[in-house]
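> quick one, what's the 3D model for this:
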Amino acid sequence: MSRFAALLVLMLVSSSAPAGDWPAWRGPYGQGHCDEKGIPVTWSDTENVKWKIPLEVQGNSTPVIWGDKIFLTQANTGGSQRSLLCLSREDGKLLWQQDVAYGEKEKNWNQSWYGNASPVLDGERAIVSFGSAGMYCYDFNGKEVWKRTDLGTWEHAFGNGSSPILYGDLAILWCGPNETAGRNFLLAVDKKTGKTVWEQDHSYGSWSTPLITKVNGQDQLLLGYSKDVKGAPDDKTGFLYGFDPSNGKEIWKCQGLNSYCYTSPLFGDGVAVGMSGYGGSALAVKVDGTGDITSKRLWLHPRNTQRVGSGVILNGYVYIVDENGVPHCYDSMTGAEQWKVDKRPGSGASTWGSMVHADGRLYVLMRTGETLVFAAKPAYELLAVNKLANGDSTNSSLAMSNGQIFLRTFKHLRCIAESR
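From the prediction side, this is the model:
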(Lines give C-alpha, C1' and ligand atoms only; values in the text may rest on other atoms or scores of the structure.)
Protein backbone atom coordinates (compact mmCIF):
# COMPACT_ATOMS: atom_id res chain seq x y z
CA MET A 1 0.00 0.00 0.00
CA SER A 2 1.39 3.44 -0.91
CA ARG A 3 1.90 6.09 1.70
CA PHE A 4 -0.91 8.20 0.25
CA ALA A 5 -3.37 5.30 0.17
CA ALA A 6 -2.44 4.48 3.75
CA LEU A 7 -3.07 8.06 4.83
CA LEU A 8 -6.45 8.04 3.08
CA VAL A 9 -7.40 4.88 4.97
CA LEU A 10 -6.29 6.44 8.23
CA MET A 11 -8.37 9.52 7.50
CA LEU A 12 -11.50 7.49 6.84
CA VAL A 13 -11.02 5.39 9.97
CA SER A 14 -9.85 7.91 12.52
CA SER A 15 -11.54 11.20 11.73
CA SER A 16 -14.40 12.87 9.95
CA ALA A 17 -12.69 16.25 10.24
CA PRO A 18 -12.74 18.56 7.21
CA ALA A 19 -9.42 19.02 5.45
CA GLY A 20 -7.22 21.46 7.31
CA ASP A 21 -8.53 20.76 10.81
CA TRP A 22 -6.40 19.31 13.61
CA PRO A 23 -9.11 17.59 15.67
CA ALA A 24 -7.06 15.43 18.03
CA TRP A 25 -3.69 14.73 19.58
CA ARG A 26 -1.27 14.20 16.66
CA GLY A 27 -3.79 15.45 14.10
CA PRO A 28 -6.44 13.84 11.90
CA TYR A 29 -4.53 10.57 11.44
CA GLY A 30 -3.13 10.28 14.98
CA GLN A 31 0.45 10.06 13.67
CA GLY A 32 1.54 13.69 13.24
CA HIS A 33 0.87 13.95 9.50
CA CYS A 34 -0.38 17.18 7.93
CA ASP A 35 -1.34 17.00 4.23
CA GLU A 36 -1.15 20.75 3.62
CA LYS A 37 1.29 22.79 1.58
CA GLY A 38 2.57 26.24 2.47
CA ILE A 39 3.26 25.58 6.16
CA PRO A 40 5.83 28.14 7.41
CA VAL A 41 9.42 26.93 7.63
CA THR A 42 10.93 29.88 9.50
CA TRP A 43 9.70 32.23 12.21
CA SER A 44 10.82 34.09 15.31
CA ASP A 45 9.18 36.22 18.01
CA THR A 46 8.39 38.81 15.34
CA GLU A 47 8.65 37.09 11.95
CA ASN A 48 5.57 35.22 10.66
CA VAL A 49 3.61 35.62 13.91
CA LYS A 50 -0.05 36.36 13.21
CA TRP A 51 -0.91 36.71 16.89
CA LYS A 52 0.43 35.89 20.33
CA ILE A 53 -1.68 35.74 23.49
CA PRO A 54 -0.67 35.26 27.13
CA LEU A 55 -1.76 32.12 28.98
CA GLU A 56 -2.83 32.45 32.59
CA VAL A 57 -1.33 29.16 33.79
CA GLN A 58 1.08 26.51 32.52
CA GLY A 59 0.04 23.46 30.58
CA ASN A 60 1.66 20.70 28.57
CA SER A 61 -1.17 19.78 26.22
CA THR A 62 -1.24 20.54 22.51
CA PRO A 63 -4.08 22.66 21.09
CA VAL A 64 -6.66 21.12 18.74
CA ILE A 65 -8.52 23.02 16.01
CA TRP A 66 -11.86 22.76 14.24
CA GLY A 67 -12.90 25.50 11.83
CA ASP A 68 -12.65 28.87 13.52
CA LYS A 69 -12.17 27.48 17.04
CA ILE A 70 -9.12 26.41 19.04
CA PHE A 71 -9.49 24.18 22.11
CA LEU A 72 -6.86 24.02 24.83
CA THR A 73 -6.61 22.47 28.30
CA GLN A 74 -4.86 23.88 31.33
CA ALA A 75 -4.75 23.42 35.11
CA ASN A 76 -3.65 25.61 37.98
CA THR A 77 -0.75 24.76 40.29
CA GLY A 78 -1.77 21.75 42.35
CA GLY A 79 -4.51 20.78 39.90
CA SER A 80 -7.46 21.98 41.99
CA GLN A 81 -8.95 23.65 38.88
CA ARG A 82 -8.74 22.02 35.45
CA SER A 83 -10.08 23.88 32.45
CA LEU A 84 -11.06 23.61 28.82
CA LEU A 85 -10.63 26.84 26.87
CA CYS A 86 -12.21 27.69 23.52
CA LEU A 87 -10.41 30.44 21.61
CA SER A 88 -10.99 32.32 18.39
CA ARG A 89 -8.77 31.15 15.58
CA GLU A 90 -8.76 34.63 14.08
CA ASP A 91 -7.14 36.46 16.99
CA GLY A 92 -6.79 34.05 19.94
CA LYS A 93 -9.45 35.75 22.04
CA LEU A 94 -11.18 33.63 24.66
CA LEU A 95 -14.69 32.61 23.57
CA TRP A 96 -15.52 30.53 26.64
CA GLN A 97 -13.91 28.57 29.47
CA GLN A 98 -15.24 25.62 31.46
CA ASP A 99 -13.60 24.87 34.81
CA VAL A 100 -13.69 21.62 36.79
CA ALA A 101 -12.87 21.68 40.50
CA TYR A 102 -10.92 18.79 41.99
CA GLY A 103 -10.28 18.83 45.71
CA GLU A 104 -8.14 15.72 46.10
CA LYS A 105 -4.36 15.41 45.89
CA GLU A 106 -3.09 13.74 42.73
CA LYS A 107 0.50 12.58 42.31
CA ASN A 108 2.54 14.35 39.68
CA TRP A 109 6.11 14.97 38.61
CA ASN A 110 5.50 18.73 38.78
CA GLN A 111 2.66 20.52 40.56
CA SER A 112 2.13 22.78 37.54
CA TRP A 113 1.63 19.91 35.09
CA TYR A 114 -1.97 18.73 35.42
CA GLY A 115 -3.10 19.86 31.94
CA ASN A 116 -1.43 17.17 29.82
CA ALA A 117 -4.11 15.58 27.63
CA SER A 118 -5.42 17.21 24.46
CA PRO A 119 -9.18 17.25 23.75
CA VAL A 120 -10.67 15.39 20.79
CA LEU A 121 -13.25 17.04 18.49
CA ASP A 122 -15.93 15.84 16.07
CA GLY A 123 -17.38 19.17 14.95
CA GLU A 124 -20.18 19.14 17.55
CA ARG A 125 -18.51 18.24 20.80
CA ALA A 126 -15.16 18.44 22.59
CA ILE A 127 -14.24 15.48 24.81
CA VAL A 128 -11.44 15.89 27.31
CA SER A 129 -9.67 13.95 30.04
CA PHE A 130 -8.82 15.80 33.25
CA GLY A 131 -7.03 12.82 34.82
CA SER A 132 -8.41 11.89 38.23
CA ALA A 133 -10.98 14.68 37.90
CA GLY A 134 -12.74 12.71 35.17
CA MET A 135 -13.73 12.72 31.52
CA TYR A 136 -15.98 15.53 30.24
CA CYS A 137 -17.87 16.38 27.08
CA TYR A 138 -18.91 19.90 26.02
CA ASP A 139 -20.66 21.18 22.93
CA PHE A 140 -18.97 23.85 20.83
CA ASN A 141 -20.83 26.58 22.74
CA GLY A 142 -19.36 25.42 26.05
CA LYS A 143 -22.40 23.61 27.44
CA GLU A 144 -21.63 20.46 29.42
CA VAL A 145 -23.14 17.43 27.63
CA TRP A 146 -21.97 14.66 29.98
CA LYS A 147 -19.26 13.79 32.46
CA ARG A 148 -17.66 10.69 33.95
CA THR A 149 -16.31 11.25 37.44
CA ASP A 150 -16.43 7.55 38.35
CA LEU A 151 -13.18 6.48 36.67
CA GLY A 152 -11.13 6.33 39.85
CA THR A 153 -8.03 8.11 41.04
CA TRP A 154 -4.96 7.85 38.82
CA GLU A 155 -1.85 7.65 40.95
CA HIS A 156 1.62 7.68 39.42
CA ALA A 157 4.68 9.70 40.35
CA PHE A 158 4.94 10.87 36.72
CA GLY A 159 1.28 11.91 36.45
CA ASN A 160 -0.79 11.00 33.38
CA GLY A 161 -0.86 12.08 29.76
CA SER A 162 -3.02 9.94 27.45
CA SER A 163 -5.54 11.84 25.31
CA PRO A 164 -9.00 10.58 24.30
CA ILE A 165 -9.56 9.42 20.70
CA LEU A 166 -12.65 8.81 18.57
CA TYR A 167 -13.74 5.70 16.71
CA GLY A 168 -17.12 6.11 15.05
CA ASP A 169 -19.60 6.84 17.84
CA LEU A 170 -17.09 5.77 20.51
CA ALA A 171 -14.80 7.96 22.60
CA ILE A 172 -11.91 5.82 23.83
CA LEU A 173 -9.65 6.70 26.76
CA TRP A 174 -6.61 4.86 28.12
CA CYS A 175 -7.25 5.32 31.84
CA GLY A 176 -4.29 5.59 34.22
CA PRO A 177 -1.52 4.91 34.84
CA ASN A 178 -1.69 3.55 38.37
CA GLU A 179 1.56 2.16 39.73
CA THR A 180 0.61 0.63 43.09
CA ALA A 181 -3.17 0.78 43.44
CA GLY A 182 -6.13 1.41 41.18
CA ARG A 183 -6.93 0.20 37.68
CA ASN A 184 -5.26 0.56 34.30
CA PHE A 185 -8.00 0.13 31.72
CA LEU A 186 -9.16 0.96 28.23
CA LEU A 187 -12.58 2.58 28.30
CA ALA A 188 -14.95 3.13 25.38
CA VAL A 189 -18.03 5.28 25.91
CA ASP A 190 -20.81 6.48 23.66
CA LYS A 191 -19.55 9.91 22.60
CA LYS A 192 -23.09 11.33 22.71
CA THR A 193 -24.05 10.12 26.19
CA GLY A 194 -20.85 9.11 28.00
CA LYS A 195 -22.28 5.68 28.81
CA THR A 196 -19.83 2.77 28.88
CA VAL A 197 -19.87 0.56 25.79
CA TRP A 198 -16.91 -1.63 26.76
CA GLU A 199 -13.91 -1.61 29.07
CA GLN A 200 -10.86 -3.84 29.39
CA ASP A 201 -8.50 -4.04 32.38
CA HIS A 202 -4.75 -4.34 31.81
CA SER A 203 -1.81 -5.26 33.99
CA TYR A 204 -0.17 -1.85 34.03
CA GLY A 205 -0.45 1.47 32.31
CA SER A 206 1.40 3.98 30.16
CA TRP A 207 1.22 7.60 29.00
CA SER A 208 0.75 6.61 25.37
CA THR A 209 -2.29 7.72 23.38
CA PRO A 210 -3.76 4.78 21.41
CA LEU A 211 -3.70 4.82 17.62
CA ILE A 212 -6.63 3.79 15.44
CA THR A 213 -5.56 2.41 12.06
CA LYS A 214 -6.52 -0.20 9.49
CA VAL A 215 -4.47 -3.40 9.24
CA ASN A 216 -5.19 -5.75 6.33
CA GLY A 217 -8.68 -4.32 6.01
CA GLN A 218 -9.44 -4.56 9.74
CA ASP A 219 -9.78 -1.59 12.08
CA GLN A 220 -7.34 -1.90 14.96
CA LEU A 221 -6.35 0.05 18.05
CA LEU A 222 -2.59 -0.01 18.68
CA LEU A 223 -1.20 0.53 22.17
CA GLY A 224 2.03 -0.26 23.99
CA TYR A 225 2.66 -0.59 27.67
CA SER A 226 5.31 -2.00 29.96
CA LYS A 227 6.70 -1.63 33.43
CA ASP A 228 10.27 -0.64 34.15
CA VAL A 229 11.76 -3.78 35.66
CA LYS A 230 15.35 -3.40 36.80
CA GLY A 231 17.52 -6.26 35.61
CA ALA A 232 14.82 -7.80 33.43
CA PRO A 233 15.84 -9.19 30.00
CA ASP A 234 15.59 -6.54 27.32
CA ASP A 235 12.79 -8.26 25.41
CA LYS A 236 10.90 -10.16 28.12
CA THR A 237 8.61 -7.66 29.81
CA GLY A 238 6.04 -5.52 27.98
CA PHE A 239 4.18 -5.74 24.67
CA LEU A 240 2.94 -3.71 21.76
CA TYR A 241 -0.70 -4.70 21.21
CA GLY A 242 -3.39 -4.59 18.58
CA PHE A 243 -6.99 -4.51 19.86
CA ASP A 244 -10.39 -4.51 18.18
CA PRO A 245 -11.66 -0.94 18.83
CA SER A 246 -15.29 -2.05 18.64
CA ASN A 247 -15.01 -4.25 21.75
CA GLY A 248 -11.48 -3.93 23.18
CA LYS A 249 -10.53 -7.56 22.58
CA GLU A 250 -6.90 -8.41 21.90
CA ILE A 251 -6.03 -9.31 18.29
CA TRP A 252 -2.24 -9.63 18.53
CA LYS A 253 0.73 -8.77 20.71
CA CYS A 254 4.46 -8.43 20.17
CA GLN A 255 6.92 -8.66 23.05
CA GLY A 256 9.88 -6.35 23.42
CA LEU A 257 8.90 -3.15 25.24
CA ASN A 258 10.79 -3.03 28.52
CA SER A 259 10.23 0.31 30.18
CA TYR A 260 7.68 3.09 30.60
CA CYS A 261 5.90 3.98 27.34
CA TYR A 262 5.34 7.68 26.71
CA THR A 263 5.24 7.69 22.91
CA SER A 264 2.25 6.76 20.79
CA PRO A 265 2.49 3.78 18.39
CA LEU A 266 3.27 4.30 14.71
CA PHE A 267 2.03 2.31 11.72
CA GLY A 268 2.85 2.28 8.01
CA ASP A 269 3.18 -0.20 5.15
CA GLY A 270 2.09 -3.09 7.39
CA VAL A 271 4.71 -2.31 10.05
CA ALA A 272 3.88 -1.26 13.63
CA VAL A 273 6.49 0.55 15.71
CA GLY A 274 6.50 0.83 19.49
CA MET A 275 8.99 2.64 21.68
CA SER A 276 9.72 2.63 25.39
CA GLY A 277 11.07 5.62 27.26
CA TYR A 278 13.23 5.83 30.36
CA GLY A 279 16.21 4.17 28.66
CA GLY A 280 14.04 1.43 27.21
CA SER A 281 13.66 -0.45 23.96
CA ALA A 282 12.18 0.17 20.52
CA LEU A 283 10.74 -2.43 18.16
CA ALA A 284 9.09 -2.90 14.79
CA VAL A 285 6.87 -5.82 13.84
CA LYS A 286 5.19 -6.92 10.64
CA VAL A 287 1.52 -7.00 11.58
CA ASP A 288 0.28 -10.19 10.00
CA GLY A 289 -1.81 -12.64 11.98
CA THR A 290 -3.28 -13.00 15.43
CA GLY A 291 -2.08 -14.02 18.88
CA ASP A 292 1.57 -13.68 19.79
CA ILE A 293 3.36 -12.36 16.68
CA THR A 294 6.72 -11.75 18.37
CA SER A 295 8.27 -14.10 15.79
CA LYS A 296 7.39 -11.52 13.13
CA ARG A 297 9.36 -8.82 14.89
CA LEU A 298 11.60 -7.09 12.37
CA TRP A 299 14.04 -5.48 14.80
CA LEU A 300 14.63 -4.66 18.43
CA HIS A 301 16.78 -1.89 19.86
CA PRO A 302 17.24 -3.13 23.44
CA ARG A 303 18.31 0.03 25.25
CA ASN A 304 18.10 3.67 24.20
CA THR A 305 18.02 7.09 25.79
CA GLN A 306 14.82 8.61 27.13
CA ARG A 307 11.94 9.24 24.71
CA VAL A 308 8.88 11.31 25.59
CA GLY A 309 7.67 12.74 22.28
CA SER A 310 6.41 10.48 19.50
CA GLY A 311 7.97 10.06 16.08
CA VAL A 312 6.76 9.80 12.49
CA ILE A 313 6.84 6.85 10.09
CA LEU A 314 7.09 7.88 6.45
CA ASN A 315 8.08 6.15 3.21
CA GLY A 316 9.75 3.25 4.97
CA TYR A 317 11.62 5.26 7.61
CA VAL A 318 11.01 6.03 11.28
CA TYR A 319 11.97 9.51 12.46
CA ILE A 320 12.19 10.62 16.09
CA VAL A 321 14.06 13.05 18.32
CA ASP A 322 15.06 11.62 21.70
CA GLU A 323 14.47 13.59 24.88
CA ASN A 324 18.15 14.62 24.92
CA GLY A 325 17.73 16.36 21.55
CA VAL A 326 19.43 13.77 19.34
CA PRO A 327 17.49 13.11 16.10
CA HIS A 328 17.26 9.66 14.52
CA CYS A 329 16.12 8.08 11.28
CA TYR A 330 15.72 4.29 11.19
CA ASP A 331 14.95 1.99 8.30
CA SER A 332 11.53 0.63 9.32
CA MET A 333 12.30 -2.87 8.00
CA THR A 334 15.81 -3.31 9.43
CA GLY A 335 16.12 -0.73 12.23
CA ALA A 336 19.40 0.50 10.72
CA GLU A 337 20.30 4.07 11.67
CA GLN A 338 20.38 6.43 8.67
CA TRP A 339 21.24 9.75 10.32
CA LYS A 340 24.72 10.11 11.81
CA VAL A 341 24.49 13.25 13.91
CA ASP A 342 27.70 14.28 15.67
CA LYS A 343 26.13 17.02 17.80
CA ARG A 344 22.68 17.97 18.91
CA PRO A 345 21.16 20.46 16.45
CA GLY A 346 20.10 23.99 17.31
CA SER A 347 20.95 25.10 20.81
CA GLY A 348 21.27 21.47 21.92
CA ALA A 349 18.06 21.64 23.94
CA SER A 350 16.00 18.67 25.12
CA THR A 351 12.46 17.95 23.94
CA TRP A 352 9.20 16.39 25.02
CA GLY A 353 7.61 17.39 21.71
CA SER A 354 6.21 14.97 19.15
CA MET A 355 7.19 15.28 15.49
CA VAL A 356 4.86 16.71 12.87
CA HIS A 357 5.32 16.00 9.15
CA ALA A 358 4.20 18.50 6.51
CA ASP A 359 5.22 18.90 2.86
CA GLY A 360 8.40 16.83 3.11
CA ARG A 361 9.54 18.44 6.34
CA LEU A 362 9.68 17.27 9.96
CA TYR A 363 9.02 19.75 12.77
CA VAL A 364 9.75 19.22 16.46
CA LEU A 365 9.28 21.70 19.31
CA MET A 366 12.07 21.78 21.89
CA ARG A 367 11.64 22.54 25.59
CA THR A 368 13.37 25.93 25.11
CA GLY A 369 10.61 27.00 22.72
CA GLU A 370 12.75 26.67 19.60
CA THR A 371 11.53 24.49 16.73
CA LEU A 372 13.84 22.34 14.62
CA VAL A 373 12.86 21.62 11.03
CA PHE A 374 14.42 18.65 9.20
CA ALA A 375 14.09 17.32 5.68
CA ALA A 376 12.00 14.15 5.73
CA LYS A 377 14.53 11.94 4.00
CA PRO A 378 17.19 9.40 5.01
CA ALA A 379 20.00 11.88 4.19
CA TYR A 380 20.26 14.15 7.22
CA GLU A 381 19.47 17.82 6.57
CA LEU A 382 18.58 20.48 9.14
CA LEU A 383 16.47 23.12 7.36
CA ALA A 384 15.75 25.66 10.11
CA VAL A 385 16.14 26.50 13.79
CA ASN A 386 13.33 28.82 14.89
CA LYS A 387 13.91 30.50 18.24
CA LEU A 388 11.59 32.32 20.61
CA ALA A 389 12.36 34.65 23.50
CA ASN A 390 14.52 33.23 26.27
CA GLY A 391 12.48 31.73 29.09
CA ASP A 392 9.39 30.88 27.02
CA SER A 393 9.68 27.16 27.72
CA THR A 394 7.33 24.36 26.72
CA ASN A 395 6.62 20.64 26.98
CA SER A 396 4.01 20.74 24.22
CA SER A 397 3.93 19.80 20.52
CA LEU A 398 2.98 21.73 17.40
CA ALA A 399 -0.48 21.68 15.79
CA MET A 400 -0.99 22.60 12.12
CA SER A 401 -4.19 23.73 10.46
CA ASN A 402 -5.05 25.62 7.28
CA GLY A 403 -1.50 26.77 6.62
CA GLN A 404 -0.91 27.88 10.21
CA ILE A 405 1.11 26.50 13.11
CA PHE A 406 -0.17 26.75 16.68
CA LEU A 407 2.64 26.80 19.24
CA ARG A 408 1.91 26.58 22.94
CA THR A 409 4.48 27.50 25.61
CA PHE A 410 4.10 27.88 29.36
CA LYS A 411 3.47 31.61 28.89
CA HIS A 412 1.85 32.05 25.47
CA LEU A 413 -0.08 30.62 22.57
CA ARG A 414 1.12 31.73 19.14
CA CYS A 415 -0.36 31.47 15.68
CA ILE A 416 2.48 31.17 13.16
CA ALA A 417 1.57 32.04 9.57
CA GLU A 418 3.34 33.28 6.45
CA SER A 419 3.13 37.05 6.14
CA ARG A 420 0.94 38.06 3.20
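> burial count for the residue nearest to Asn116 when sequence neighbours are not counted?
Nearest in space to Asn116, with sequence neighbours left out and distances taken as Cβ to Cβ, 6 or more residues apart in numbering, is Gly161 at 4.3 Å. In short, each C-beta sits where N, CA and C put it, glycine included. Applying other Cβ atoms under 10 Å, we find 25 residues neighbouring Gly161.
> try Gly289
12.
> and the gap between it and Gln218?
12 Å (Cβ to Cβ, to the nearest Å).
> quick one: low-confidence parts of the chain?
1-19, 228-236 (pLDDT under 70).
> span of stretch 136-156 from start to end?
Stretch 136-156 has an end-to-end distance of 21 Å (Cα to Cα, to the nearest Å).
> buried ones in that stretch?
Residues 136-138, 140, 145-146, 148, 151, 154-156 are the ones in stretch 136-156 that count as buried (16 or more other Cβ atoms under 10 Å).
> is it true that Gly256 touches Ser281?
Yes - using Cβ atoms under 8 Å, Gly256 makes contact with Ser281 at a distance of 5.7 Å.
> which residues are in contact with Ser393?
Taking Cβ atoms under 8 Å, 6 or more residues apart in numbering, we find Ser393 in contact with 367-369, 409-410.
> farthest pair within those?
Greatest spacing in those, by Cβ to Cβ: Thr368 and Phe410 (11.3 Å).
> could you report the neighbour count for the closest residue to Ile405 other than its chain neighbours?
In space, and not counting its chain neighbours, Ile405 is closest to Ile416: 3.9 Å by Cβ to Cβ, 6+ apart. Other residues near Ile416 come to 24 when the count uses other Cβ under 10 Å.
> so Ile416 bridges to which residues?
Residues in a beta bridge with Ile416, per DSSP bridges, are Val49, Ile405.
> quick check, it in contact with Lys50.
Yes - the criterion here is Cβ under 8 Å, and Ile416 meets it with Lys50 at 7.1 Å.
> in terms of neighbours, single out the busier of Gly256 and Ser281.
Of the pair Gly256 and Ser281, Gly256 is the one with more neighbours under other Cβ under 10 Å, namely 27 against 22.
> relative to Lys249, how far out is the more buried one?
22 Å.
> what's the answer for Ser281, then?
From Ser281 to Lys249 the distance is 26 Å (Cβ to Cβ).
> same question, Val41
Distance from Val41 to Lys249, by Cβ to Cβ: 44 Å.
> repeat for Ala376
Taking Cβ to Cβ, one finds Ala376 at 36 Å from Lys249.
> those two: who's more crowded?
Per other Cβ under 10 Å, whichever of Ala376 and Lys249 has more neighbours is Ala376, with 21 against 10.
> which parts of this protein are helices?
3-14 (DSSP state H).
> endpoints of stretch 103-114, how far apart?
Terminal-residue distance, stretch 103-114 (Cα to Cα): 13 Å.
> contacts for that stretch, please.
57-60, 75-80, 82, 130-132, 153-159, 395.
> PyMOL command to pick out the buried ones of those residues?
To isolate the buried members of the contacts of stretch 103-114 in PyMOL, using 16+ other Cβ under 10 Å:
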select buried, resi 58+59+60+75+76+79+80+82+130+131+132+154+155+156+158+159+395
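> rewinding a little: so who does the residue nearest to Ile405 touch?
Applying Cβ under 8 Å, 6+ apart, the residues near Ile416 are 40, 43, 48-50, 404-407.
> which residues do Ile416 and Lys50 both contact?
Joint contacts of Ile416 and Lys50 (Cβ under 8 Å, 6+ apart) are Gln404.
> residues near Asp288, how many?
Count around Asp288 with other Cβ under 10 Å applied: 12.
> which residue is the nearest non-sequential neighbour of it?
Lys296 (6.1 Å).
> repeat that for Leu283.
Per Cβ to Cβ, 6+ apart, closest to Leu283 is Gly256, 4.0 Å.
> ok, Leu222 - contacts?
Counted by Cβ under 8 Å, 6+ apart, Leu222 has contacts 210-213, 240-243, 265, 267, 272, 274.
> roughly how far apart are the residue nearest to it when sequence neighbours are not counted and Ala24?
In space, and not counting its chain neighbours, Leu222 is closest to Pro265: 3.9 Å by Cβ to Cβ, 6+ apart. Pro265 is 15 Å from Ala24, where distance means Cβ to Cβ.
> sorry, back to before: the residue nearest to Leu222 against Gly274, yeah?
Yes - with contact defined as Cβ under 8 Å, Pro265 and Gly274 form a contacting pair (5.4 Å).
> the more surrounded of the two?
Shown here are Pro265 and Gly274; by other Cβ under 10 Å, Gly274 has more neighbours (28 against 25).
> beta-bridge partners for the more buried one, please?
Bridge pairing for Gly274 - DSSP bridges - gives Leu283.
> isn't it right up against Cys261?
Yes - here Gly274 reaches Cys261: they are 7.2 Å apart, a contact under Cβ under 8 Å.
> what touches both of those two?
With Cβ under 8 Å, 6+ apart as the test, Gly274 and Cys261 both reach Gly224.
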